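Student: Pasted the sequence and its predicted model underneath.
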Amino acid sequence: QLQLVESGGGLVQPGGSLRLSCAASGVTLDYYAIGWFRQAPGKEREGVSCITRRGSSWVYADSVKGRFTISRDNAKNTVYLQMNSLKPEDTAVYYCAAVRLLFGLCQLSPAYDYWGQGTQVTVSS
């Protein structure tokens with residue numbers, strides 16, 4: 001059974017940076033696309049970014065393009081989300097999720113099979 005654990009969240013000032021990690025256990029991530037999602041209080045969960053199983057393609061939400069970078073290290077069974085130039089509106093619980101995807105581009109819709117427990121990111125002065 002694939003298990004995902006996020007880490008790296010915290011409190012940061014506007015303009016600051018954080019790097020989130022999504023560590024997998026139980027199953028190799030080699031056959032899984034990974035997505036990052038976030039949910040702010042009172043709002044629906046939204047897709048932030050996703051990356052294909054080999055890391056050759058990725059997708060970003062318009063709201064984070066140019067500020068966030070997704071990457072993966074399959075040898076470490078870990079996916080990262082580097083978040084720069086953070087804004088207060090980035091405040092949310094961030095989740096990583098996995099879906100078995102051998103071919104094609106990943107999606108930012110929440111149709112993923114495995115989810116982590118989330119990590120809180122708060123951007124505030």
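Tutor: Received, thanks.

Student: Test my guess that residue 31 contacts residue 102.
Tutor: Yes: the pair residue 31 / residue 102 is scored as a contact, 6.2 Å apart, by Cβ atoms under 8 Å. For the C-beta atoms, the positions are set from N, CA and C on the backbone; glycine is no exception.

Student: So for these two, which residues contact both of them?
Tutor: Shared contacts of residue 31 and residue 102, defined by Cβ atoms under 8 Å, 6 or more residues apart in numbering, comprise residue 53.

Student: okay, these two: which has more neighbours?
Tutor: Neighbour tally, residue 31 and residue 102, criterion other Cβ atoms under 10 Å: the higher count belongs to residue 31, 14 against 10.

Student: Tell me the backbone dihedrals of the more buried one, please.
Tutor: When quoted as degrees, to the nearest 10, the phi and psi of residue 31 stand at phi -110, psi 10.

Student: gap between it and residue 117?
Tutor: Separation of residue 31 from residue 117 (Cβ to Cβ, to the nearest Å) stands at 22 Å.
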